[in-house]
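Chemist: below is the structure, and that's it, no one-letter string:
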């Protein structure tokens with residue numbers, strides 16, 4: 001009898017996302033923002049404090065945040081209250097406000113000995129890159145999240161981008177304002193990004209007369 005050749009069984013691979021929380025990363029709550037901020041201040045981590053504060057205020061994607069130059073924010077020895085940058089993903093300009101707390105932390109970092117003659121606001125400590133990489137930034141965010149006792153699988157760099165935007169939306173219900181602050185070309189993108197329920201979005205739309 002001819003022998004039947006059975007197909008070889010391939011070893012099962014563990015899914016890359018096993019044990020991970022997939023989907024939108026949660027924004028931080030105000031008390032969590034202050035917990036991270038307090039730890040960084042107590043530890044005297046000037047760069048990380050400036051980076052964290054600016055990430056919250058700017059609402060920029062990580063790729064745009066790490067590419068900020070000193071000249072983008074600092075003019076004549078003081079930090080601008082409003083900054084405009086071109087987004088690398090869309091090529092569109094976006095503006096953001098810089099709060100007093102963030103201005104103080106950025107200025108203290110820029111005036112530190114480590115920042116002498118630096119062009120980029122967050123220079124890399126590795127010679128291969130002139131500025132902090134998005135991977136390095138993600139590792140820093142993970143360490144901040146762990147430090148305040150949160151599960152790092154539920155948070156990421158987009159958590160910092162979403163934090164202030166989510167708070168503004170909760171306080172005002174103004175999707176258009178949040179859309180502009182995030183630099184989205186369509187309000188649909190803002191709805192999905194914030195996780196706004198359809199019914200909630202429709203209620204807001206119905207309350208606006210044109």
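Modeler: Thanks, I have it. Quick caveat, the model's predicted, so the values are computed rather than measured.
Chemist: what is the least confident helix or strand in this protein?
Modeler: Taking mean pLDDT, DSSP states H and E as the measure, the helices and strands of the chain show their lowest mean at helix 198-206, namely a mean of 59.
Chemist: so residue 103 makes contact with residue 79?
Modeler: Yes: using C-beta atoms under 8 Å, residue 103 makes contact with residue 79 at a distance of 4.0 Å. The way it works is simple: take the backbone N, C-alpha and C, and place the C-beta from them, glycine included.
Chemist: tell me how many other residues crowd the residue nearest to residue 155 when sequence neighbours are not counted.
Modeler: Among residues not flanking residue 155 along the chain, residue 145 sits closest, at 4.7 Å (C-beta to C-beta, 6 or more residues apart in numbering). Residues near residue 145, counting by other C-beta atoms under 10 Å, number 23.
Chemist: same question, residue 58
Modeler: 24.
Chemist: do you know the pLDDT at it?
Modeler: Here the pLDDT value assigned to residue 58 is 92.
Chemist: and the nearest residue to it once chain neighbours are set aside, what does it touch?
Modeler: Distance criterion C-beta to C-beta, 6+ apart; nearest residue to residue 58, sequence neighbours excluded, is residue 96 at 4.4 Å. By C-beta atoms under 8 Å, 6 or more residues apart in numbering, the contact list for residue 96 reads 57, 58, 59, 60, 82, 83, 85, 181.
Chemist: drop anything exposed from those.
Modeler: The neighbour-count criterion (16 or more other C-beta atoms under 10 Å) marks 57, 58, 59, 60, 83, 85, 181 among the contacts of residue 96 as buried.
Chemist: the protein: strands as residue ranges?
Modeler: Taking DSSP state E as the test, the strands found in the chain are 74-75, 78-79, 82-86, 93-97.
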